[in-house]
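A.B. asks: here you go, sequence then predicted model.
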Amino acid sequence: MTGNTRERSFSDVSAGSDLTDNEYERLIEDTNPLLQSRNDSSSSRMKCYCIVIMIIIILVVVLFRLLSSYSGFSPTIVSVGIITRHGDRAPLTDFGLKKSNTDFICTLEEYFYETAEFLPQYNRRFRRIMKHGDEWLPGNCYPGQLTEKGAAQHRSLGNHLRMLYGDIINKGRWHVRSSDVPRTRDSAANLMKGLLPPQHYPRLRINVEQIEPPRDPIHANGNMCPRLQVEWDAALASETYVKEDEKYADVRNSIETFFEKSFEDKWEHVHDWFVCSQSFGHTLPTFVNKEMLDVVDHMAAFRNFYINESPKARSLTAASVMRDFLDHLNKVVVGGDDLTFVFFSGHDSTLIPLQLFLGVDEYQWPNYASHFRFELSKFNDEHYVRFLFNEKIYIPDFCDIKPDNWCTFDSLSSYVYSHAPRDYYEACHESA
């Protein structure tokens, strides 16, 4: 029915008069207290509705402004940095030699040349070999020698980086640094070979920067950095570590009894021997079961993460490495340098403190060729950085977060420089 029909019918029934709709409603309200109360309640509800609507509008406006501030945020990657662990290698310790009946054979040949000049072709090459009958390891490997598998791991990583960032990296220059150890230098060379294939770059000289070991935090250790050894000793003497170590006294005794050698609390020595033996295809002793391997993995990781947890230890390891690393990226941010690739080739002892310092919550021993990757980008004259560890994105607590997991470069820079010593060598030799 239409509104007019309802008005006439209602008027006829109630009074027979010709009241308008509004007049009739006012008359009913004035003479009926119940309707007046209902109307007051309706008015209150309307006020509540209005308040809710206003809140929603405000929230929508705020959200819109936030989205507007991020809309169009599309930073361009201008440089890439990577910090790696070397590739697969021969054992570093002689822990299991007494019980080893198999040889460690390294097929990756190492050559060096008679001159530093860039010749059209090399007519003479010199190959490094171990003196027969006087090898430290059974076979032809020297301790810690990079294997062909390890070289292939880094060539593969270099090829992966080329597929991701080749166009960016080729626009500028590169900086490569390695610890003063053959396996890290060889790993660096193989990564660059994958990144810059010889068939495309047949005549290319790449400098691999090194620092005198006592001044190089990439290969930080207690012998080179006495102040760091003080931190490590304090951690190993702590109640927390001693209790964890004592949990596995039976496993320790079994291993030491069989191999007729004490590993002196250095679970990483046993871990190294087991990992390298398996990598070379050797069969582990029958008493070494999965449970024992899990204990060795756990304690090796626990020990090396725990000794680097103190603020001072992080300062003398990860923060110092990152300071050197950022010094190069800062050339791009501040000076507009054409540096498009920064590469540090290091060790497990490089990556473990970095995992703690940058908030990677994977407290596991880093595998061969594990790596941190840093993407440096620019948008509206501001620089940003994104962190990846073994291809997984991480967001550190100190990060001033932006869309797509980008952090402001300033937040990274402030964090690193506030924790790293100005002079690494002096900090290593200060009194506790």
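C.D. replies: Nice, thanks for sending it over.
A.B. asks: and the strands in this structure?
C.D. replies: 76-85, 111-113, 125-127, 173-178, 208-209, 339-346, 371-379, 382-389, 392-394, 401-402, 406-408 (DSSP state E).
A.B. asks: which of those is buried the deepest?
C.D. replies: Among the strands of the chain, strand 339-346 has the highest mean neighbour count (mean count of other Cβ atoms under 10 Å), at a mean of 25. For glycine as for every other residue, the C-beta is placed from the backbone atoms N, C-alpha and C.
A.B. asks: name the helices or strands packed onto it?
C.D. replies: Judged by 3 or more Cβ pairs under 8 Å, 6 or more residues apart in numbering; DSSP states H and E, the packing partners of strand 339-346 are strand 76-85, helix 148-169, strand 173-178, helix 182-195, helix 318-333.
A.B. asks: among those, which is the most enclosed?
C.D. replies: Among the helices and strands packed on strand 339-346, highest average neighbours (mean count of other Cβ under 10 Å) belong to helix 182-195, with a mean of 24.
A.B. asks: what angle separates that one from strand 76-85?
C.D. replies: For helix 182-195 against strand 76-85, the angle by axes from the mean of the first three to the mean of the last three Cα atoms, to 10 degrees is 150 degrees.
A.B. asks: how about helix 182-195 as PDB, C-alpha atoms only?
C.D. replies: Extracted C-alpha coordinates of helix 182-195, given in PDB (Å, rounded to 0.1, in the frame of the first residue of the first chain):
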ATOM      1  CA  PRO A 182      93.200 -21.400   1.200                       C
ATOM      2  CA  ARG A 183      89.700 -22.900   1.400                       C
ATOM      3  CA  THR A 184      88.000 -19.500   1.700                       C
ATOM      4  CA  ARG A 185      90.100 -18.000  -1.100                       C
ATOM      5  CA  ASP A 186      89.300 -21.000  -3.300                       C
ATOM      6  CA  SER A 187      85.600 -20.800  -2.400                       C
ATOM      7  CA  ALA A 188      85.600 -17.100  -3.300                       C
ATOM      8  CA  ALA A 189      87.300 -17.800  -6.700                       C
ATOM      9  CA  ASN A 190      84.700 -20.500  -7.500                       C
ATOM     10  CA  LEU A 191      81.700 -18.300  -6.500                       C
ATOM     11  CA  MET A 192      83.100 -15.600  -8.800                       C
ATOM     12  CA  LYS A 193      83.500 -18.200 -11.500                       C
ATOM     13  CA  GLY A 194      79.800 -19.000 -11.300                       C
ATOM     14  CA  LEU A 195      78.800 -15.400 -11.100                       C
END
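A.B. asks: what angle do it and helix 148-169 make?
C.D. replies: In terms of direction (the same axes, to 10 degrees), helix 182-195 departs from helix 148-169 by 50 degrees.
A.B. asks: and helix 182-195, what other elements does it pack with?
C.D. replies: So helix 182-195, by 3+ Cβ pairs under 8 Å, 6+ apart, packs with helix 148-169, strand 173-178, strand 208-209, strand 339-346.
A.B. asks: columns mean pLDDT and distance to Glu291 on top of these, output as CSV?
C.D. replies: Shown next, in CSV, are these (pLDDT from 0 to 100; distance: least, Cβ to Cβ, whole Å):
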stretch, mean pLDDT, distance to Glu291
helix 148-169, 96, 27
strand 173-178, 96, 38
strand 208-209, 94, 42
strand 339-346, 97, 32
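A.B. asks: Throw the ones you listed into JSON lines and include distance to Lys98, thanks.
C.D. replies: Listed next are those as JSON lines, based on distance: least, Cβ to Cβ, whole Å:
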{"stretch": "helix 148-169", "distance to Lys98": "26"}
{"stretch": "strand 173-178", "distance to Lys98": "33"}
{"stretch": "strand 208-209", "distance to Lys98": "37"}
{"stretch": "strand 339-346", "distance to Lys98": "31"}
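A.B. asks: sorry, back to before: of the strands of the chain, which is nearest His269?
C.D. replies: Set against His269 and scored by Cβ to Cβ, those come closest in strand 76-85, at 17.6 Å.
A.B. asks: ok, the closest one: who's next to it in the sheet?
C.D. replies: Strand 76-85 pairs in its sheet with strand 339-346 (parallel), strand 371-379 (antiparallel), by DSSP bridges.
A.B. asks: and the angle for the first one with strand 173-178?
C.D. replies: When you say that, I think you mean strand 339-346. 10 degrees.
A.B. asks: and the angle for strand 339-346 with helix 318-333?
C.D. replies: Inter-element angle recorded for strand 339-346 and helix 318-333: 170 degrees (by the same axes, to 10 degrees).
A.B. asks: what's the end-to-end length of stretch 224-244?
C.D. replies: One end of stretch 224-244 to the other measures 28 Å (Cα to Cα, to the nearest Å).
A.B. asks: quick check: the gap between the spatially most central residue of the chain and Asp361.
C.D. replies: In the chain, the C-alpha nearest the mean C-alpha coordinate belongs to Phe389, at 3.3 Å (Cα atoms, centre = their mean). The gap separating Phe389 from Asp361 is 10 Å, by Cβ to Cβ, to the nearest Å.
A.B. asks: do Phe341 as well
C.D. replies: Separation of Phe341 from Asp361 (Cβ to Cβ) stands at 28 Å.
A.B. asks: and for Phe73?
C.D. replies: Phe73 is 27 Å from Asp361, by Cβ to Cβ.
A.B. asks: compare neighbour counts for those two and give me the winner.
C.D. replies: The neighbour comparison of Phe73 against Asp361 (other Cβ atoms under 10 Å) goes to Phe73, with 13 against 8.
A.B. asks: could you find the closest non-adjacent residue to the more buried one?
C.D. replies: Pro403 (5.1 Å; Cβ to Cβ, 6 or more residues apart in numbering).
A.B. asks: what do you get for Ser414?
C.D. replies: Phe398 (7.7 Å).
A.B. asks: so the one you found makes contact with Asp410?
C.D. replies: No. Under the criterion of Cβ atoms under 8 Å, Phe398 makes no contact with Asp410, lying 10.7 Å away.
A.B. asks: what about the chain, any weak spots by pLDDT?
C.D. replies: Counting by pLDDT under 70, the chain contains low-confidence residues at 1-49, 60-71, 110-125, 432.
A.B. asks: about what we covered before: now do the contacts for the residue nearest to Ser414.
C.D. replies: For Phe398, the contacting residues are Ser411, Leu412, Ser414, Tyr415, by Cβ atoms under 8 Å, 6 or more residues apart in numbering.
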